[in-house]
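A.B. asks: the following comprises the amino acid sequence and a computationally predicted model.
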Amino acid sequence: GGVVGAEKLTDGIHLVVDALKLNEVDAIYGVVGIPITDLARLAQASGIRYVGFRHESAAGHAAAAAGFLTKKPGICLTVSAPGFLNGLVALANATVNCFPMVQISGSSERHLVDLQRGDYEEMDQLAAARQFAKAAYRVHRAEDIGRGVARAIRTAVSGRPGGVYLDIPAAVLGEVIDADLGAASLWQVVDPAPRQVPDSAALDRAIELLASAQRPLVVLGKGAAYAQADEQIRQFIELTGAPYLPMSMAKGLLPDDHPQSVASTRSLALRRADVVMLVGARLNWLLGHGDSPQWNADAKFIQVDIASTELDSNQPIAAPLVGDVGSVMQALIERTKPGQIAVPAQWRDELSARSAENVGKMAKRLKAAESAHPMKFLGALQAIRDVLRDNPGAYVVNEGANALDLARNTIGMQVPRHRLDSGTWGVMGIGMGYAIAAAVETGGPVVAIEGDSAFGFSGMEIETICRYNLPIVTIVLNNSGVYRGDDVSASGDPAPTSLRARHDLMIAAFGGKGYRAETPVEVTAALREALALGKPALIDCVIDPTDGTESGNIAHLNPKGITVQR
Ligand SMILES: Nc1ncnc2c1ncn2[C@@H]1O[C@H](COP(=O)(O)OP(=O)(O)O)[C@@H](O)[C@H]1O
Ligand SMILES: Cc1ncc(Cc2csc(CCOP(=O)(O)OP(=O)(O)O)c2C)c(N)n1
């Protein structure tokens, strides 16, 4: 604020920063420029950590990851038109993944845009954002900034979390008003995500259905991880003895080596389960929409979800439980009588027998990969797995095709909310943004396990990571191109290593430490050293270009027209 004459004045930019601070926002991820550079400066001067990126897509992904990790909306700040559009992929990805974030963007002058007179970076951003966000608002008066920020925060975190767009035209950012009027226009949101508990009839219906099961299965989704109801979830799983399947970002809710985990017998569990309890997990493409033959055609579903409209989206839900995971699980624990839910030993035995078989098969693949040269994905991933076992508090970020599928199944998680990956949308480019948010919000350390093409989407943020000296180790599984590599010769000989990108040299350009690893032993040594240093590092793992399959586990999603000779 400022003083002109006897009058105390404030303006839009000050009101945005005051409103964010009043709502306990402590970090902003963005790319500055007209008309929001001073907003970032003032935020920084007011004690909010401003993190300046090289591309708004990565800044937005960082804000979304911050939302997932903290249950407070991550804030992304962009300039008008092109900067705003660059942030939209992240706003849409946050909405698809149910991560709370707010993209605040400066925008051009209404009187010029709406008559299309051709303004600097002219665009009707509100109209563009509406289709990709959970909600989109525009502030027309400085005195409405407090209301706009409060509305955006509540909308982002209440109900099903998502991405909210808040449009503030340059004229509003520069509008000067009386400071007392301005202060009176701000408010702090009270209880932005209220707890919601289903009624006893709904609870009893679910408990009785689960108790009647011969082959029950609980599926834990990233909504269960986001809910931060870790104790209630562990207690319910262990109280009922039910086998459970963690979806990728729910890994670590219970340690992945937990005896009730069916991660290693996923196909059998889905095909045979007769009562399935979905907890913060959607029956979408990642779970084959609940359709047979992947699922038992007679399976009955219980669904725990904050979004009532998610129920019956794919399959009939026999026992809906609408509410937040924490409240629902607490209510179920209190209402389930001792011994009421007992999992038949036969089901547990069937699962553990298949698990032993599958683990045995995987052990053979891992053993073979240990000594393979050129190094295979699984050779590098076992080395990473063993080092991370000694660093259970490290955050793991993961994207790619084979790099994603193989790392998800090789790297076990021991604690909740420590794995961030391409998620529901399978989007590439989340890597560096998610890693930066994990480091900024938690202090790290962070290990980003990246396919080489996936890394390329946000690779310039390595400079951001070095500029802020963040404890992030980026591991590039470099099989020399998208999918199986660009130039596998007709004979199938691996591409000459001289043609390979040297990502390790890239980080050296920004002052970080680069390593090149051609064997699992070299991966182990580099990762141990990099984690001990606690500084920006990149390990470029030279992977056999013929290893892996195009699109990893989802090649079947490709169109089935006239086959193109690959
Ligand atoms: N706090 C919460 N309580 C209950 N459900 C939640 C909560 N937060 C998010 N959700 C729900 O969790 C679900 C997450 O599903 P999804 O993203 O498909 O998980 P996954 O891919 O891990 O299976 C969404 O339907 C969302 O509405
Ligand atoms: C924004 C966006 N653009 C393209 C794509 C399509 C894609 C899915 S996976 C992938 C990269 C695979 O190469 P990578 O080297 O990372 O993987 P691998 O070596 O097998 O581990 C692409 C380009 C997606 N999903 N999102």
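C.D. replies: Sure, I can see it. Ligands and ions are numbered 1, 2, ... in the order given.

A.B. asks: surely Val542 is within a helix?
C.D. replies: No: per DSSP: H, G, I helix; E, B strand; the rest coil, Val542 lies outside any helix segment and is strand.

A.B. asks: which bits of the protein sit near ligand 1?
C.D. replies: With C-beta under 6 Å from any ligand atom as the criterion, the chain meets ligand 1 at residues 97-98, 160-161, 221-223, 226-227, 247, 249-250, 280-282, 284, 286, 305-307, 310, 324-325, 424. Where you see a C-beta, it was placed from the backbone N, CA and C, and this is true even at glycine.

A.B. asks: for the nearest residue to Gly252 once chain neighbours are set aside, give me its contacts.
C.D. replies: Counting by C-beta to C-beta, 6 or more residues apart in numbering, Met413 is the residue found nearest to Gly252 once chain neighbours are left out, at 3.3 Å. Neighbour list for Met413: 251-252, 255-256, 396, 419 [criterion: C-beta atoms under 8 Å, 6 or more residues apart in numbering].

A.B. asks: list the contacts of Ser46.
C.D. replies: 17, 21.

A.B. asks: can you map out the helices along the stretch 451-566 of the chain?
C.D. replies: For the stretch 451-566 of the chain, the helices defined by DSSP state H, counting those that start in this stretch cover 452-458, 461-467, 503-508, 520-533.

A.B. asks: tell me the most buried of these?
C.D. replies: Among the helices of the stretch 451-566 of the chain, helix 452-458 has the highest mean neighbour count (mean count of other C-beta atoms under 10 Å), at a mean of 24.

A.B. asks: is ligand 2 contacted by it?
C.D. replies: Yes: under the criterion of C-beta under 6 Å from any ligand atom, ligand 2 is reached by helix 452-458 at 452-454.

A.B. asks: against which helices or strands is that helix packed?
C.D. replies: Judged by 3 or more C-beta pairs under 8 Å, 6 or more residues apart in numbering; DSSP states H and E, helix 452-458 is in contact with helix 56-70, helix 431-442, strand 472-478.

A.B. asks: let's see 7 Å
C.D. replies: Packing partners of helix 452-458 (3 or more C-beta pairs under 7 Å, 6 or more residues apart in numbering; DSSP states H and E): helix 431-442, strand 472-478.

A.B. asks: now check the first one, is it near ligand 2?
C.D. replies: No: counting by C-beta under 6 Å from any ligand atom, ligand 2 has no neighbours in helix 431-442; the shortest distance is 9.4 Å.

A.B. asks: can you give me the helices for the stretch 301-450 of the chain?
C.D. replies: Under DSSP H, counting those that start in this stretch, the stretch 301-450 of the chain gives helices at 325-335, 345-371, 377-389, 402-410, 431-442.

A.B. asks: tell me the most buried of the ones you listed?
C.D. replies: helix 431-442 (a mean of 28).

A.B. asks: before we move on, the earlier item: of the contacts of Met413 - the most surrounded one?
C.D. replies: With neighbours defined as other C-beta atoms under 10 Å, the most crowded of those is Lys251; it has 27 neighbours.

A.B. asks: measure the closest residue in space to it that isn't next to it in sequence to ligand 1 for me?
C.D. replies: Nearest residue to Lys251, sequence neighbours excluded (C-beta to C-beta, 6+ apart): Met413, at 4.0 Å. Remark: distance between Met413 and ligand 1 (C-beta to the nearest ligand atom, to the nearest Å) = 13 Å.

A.B. asks: quick one, grab the pLDDT at Met413.
C.D. replies: Note on Met413: pLDDT of 98.

A.B. asks: pull up the gap between it and Leu39, please.
C.D. replies: Relative to Leu39, Met413 is positioned 37 Å away (C-beta to C-beta, to the nearest Å).

A.B. asks: ok, Ser80 next?
C.D. replies: Counting by C-beta to C-beta, the gap from Ser80 to Leu39 is 13 Å.

A.B. asks: ok so, going back, now distance to His61 and mean pLDDT too, for the helices and strands packed on helix 452-458, in JSON lines please.
C.D. replies: Formatted as JSON lines, those follow (distance: least, C-beta to C-beta, whole Å; pLDDT from 0 to 100):
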{"stretch": "helix 431-442", "distance to His61": "3", "mean pLDDT": "98"}
{"stretch": "strand 472-478", "distance to His61": "14", "mean pLDDT": "98"}
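
A.B. asks: how about those in JSON lines, adding distance to Val359?
C.D. replies: Formatted as JSON lines, these follow (distance: least, C-beta to C-beta, whole Å):
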{"stretch": "helix 431-442", "distance to Val359": "29"}
{"stretch": "strand 472-478", "distance to Val359": "23"}
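
A.B. asks: assign Leu283 to helix, strand or coil.
C.D. replies: With three-state DSSP as the basis, Leu283 sits in coil.

A.B. asks: give me the neighbour count for it.
C.D. replies: 24.

A.B. asks: likewise Ala211?
C.D. replies: Ala211 is flanked by 16 other residues according to other C-beta under 10 Å.

A.B. asks: one more: Asn23?
C.D. replies: Neighbours of Asn23 under the rule other C-beta under 10 Å: 21.

A.B. asks: please apply the same query to Gln294.
C.D. replies: A count of nearby residues for Gln294, using other C-beta under 10 Å, gives 13.

A.B. asks: surely Lys134 and Gly162 touch.
C.D. replies: Yes: the pair Lys134 / Gly162 is scored as a contact, 3.1 Å apart, by C-beta atoms under 7 Å.

A.B. asks: more neighbours: which of the two?
C.D. replies: Relative neighbour count places Gly162 above the other of Lys134 and Gly162, with 26 against 21, counting by other C-beta under 10 Å.

A.B. asks: only alpha carbons, please: show stretch 150-164 as CSV.
C.D. replies: Extracted in CSV, the C-alpha atoms of stretch 150-164 (Å, rounded to 0.1, in the frame of the first residue of the first chain):
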residue,chain,number,x,y,z
ALA,A,150,-11.4,-16.6,-1.7
ARG,A,151,-13.7,-18.1,-4.3
ALA,A,152,-10.8,-19.6,-6.3
ILE,A,153,-9.2,-21.2,-3.3
ARG,A,154,-12.5,-22.7,-2.0
THR,A,155,-13.5,-24.0,-5.5
ALA,A,156,-10.0,-25.5,-6.0
VAL,A,157,-10.0,-27.6,-2.8
SER,A,158,-13.7,-28.2,-1.9
GLY,A,159,-15.5,-31.3,-3.2
ARG,A,160,-13.4,-32.9,-5.9
PRO,A,161,-10.2,-30.9,-6.0
GLY,A,162,-9.2,-29.3,-9.4
GLY,A,163,-7.7,-26.5,-11.3
VAL,A,164,-9.3,-23.0,-11.1
